[in-house]
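A.B. asks: Predicted model and sequence follow; I will ask about them next.
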Amino acid sequence: MPSPQTEFHVFVLQQPKTLYRACFGGDEDALLHALSSNYEISRQPPHPADLRATVLHMAVSGFENGDQLARFASKRPDRIGTHIARLELQPNHGICIADTGSVGHWSIWGIPTRLAQFVADVAHV
């Protein structure tokens, strides 16, 4: 098993980037919850990655491949989500990202209401 990542290159988004985020519906409350970090929602127990690197506790996960995320979600809808939101992130809004975890996985830092402005589409899994 590979060693856990111990360094992260976090940068302020400088160009548009499309990422996908699992959620439990497309209404405003469901999206704001999905775009809030484990820290913001006081997730208990904390996710193991959050215990390994606290900075991840304050981010939300995004994926480059929406189909891959939909496959994950369809296997664990109770845990991952029943819907996939497509985020069309734009620069100049204070959004920060870092390539973390597995291939195609990104950590996203941003204000949930601002991130919600970039939800382009929500599809049921």
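C.D. replies: That came in fine, so what should we check first?
A.B. asks: C-alpha from now on. contacts and neighbour counts both.
C.D. replies: OK.
A.B. asks: And the helices in the protein, which stretches?
C.D. replies: Ranges of helices within the chain are 28-34, 48-52, 54-57, 66-75, 112-116, based on DSSP state H.
A.B. asks: okay if I get the ones you listed as a markdown table plus distance to Pro16, mean neighbour count and mean pLDDT?
C.D. replies: Listed next are those as a markdown table, based on distance: least, Cα to Cα, whole Å; neighbours: other Cα atoms under 10 Å; pLDDT from 0 to 100:
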| stretch | distance to Pro16 | mean neighbour count | mean pLDDT |
| --- | --- | --- | --- |
| helix 28-34 | 20 | 17 | 98 |
| helix 48-52 | 27 | 13 | 74 |
| helix 54-57 | 22 | 17 | 86 |
| helix 66-75 | 17 | 16 | 96 |
| helix 112-116 | 13 | 18 | 98 |
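A.B. asks: looking at those helices, which is closest to His83?
C.D. replies: helix 66-75 (7.8 Å; Cα to Cα).
A.B. asks: Show residues contacting that closest one.
C.D. replies: Contact partners of helix 66-75, identified using Cα atoms under 8 Å, 6 or more residues apart in numbering, comprise 19-22, 63, 79-84, 86, 125.
A.B. asks: now do 7 Å
C.D. replies: Here helix 66-75 makes contact (Cα atoms under 7 Å, 6 or more residues apart in numbering) with Tyr20, Phe63, Ile80, Gly81, Thr82, Ile84, Val125.
A.B. asks: quick check, nearest of those to Gly104?
C.D. replies: Using Cα to Cα, Phe63 comes nearest to Gly104 of the contacts of helix 66-75, at 5.6 Å.
A.B. asks: For Pro2, give me the pLDDT.
C.D. replies: For Pro2, the pLDDT comes out at 56.
A.B. asks: and the helix or strand bottoming out on mean pLDDT in the chain, how far from the chain's centre?
C.D. replies: Within the chain, no helix or strand scores below helix 48-52, which has a mean of 74 by mean pLDDT, DSSP states H and E. The chain centroid and the centroid of helix 48-52 are separated by 15 Å, computed with Cα atoms, centre = their mean, to the nearest Å.
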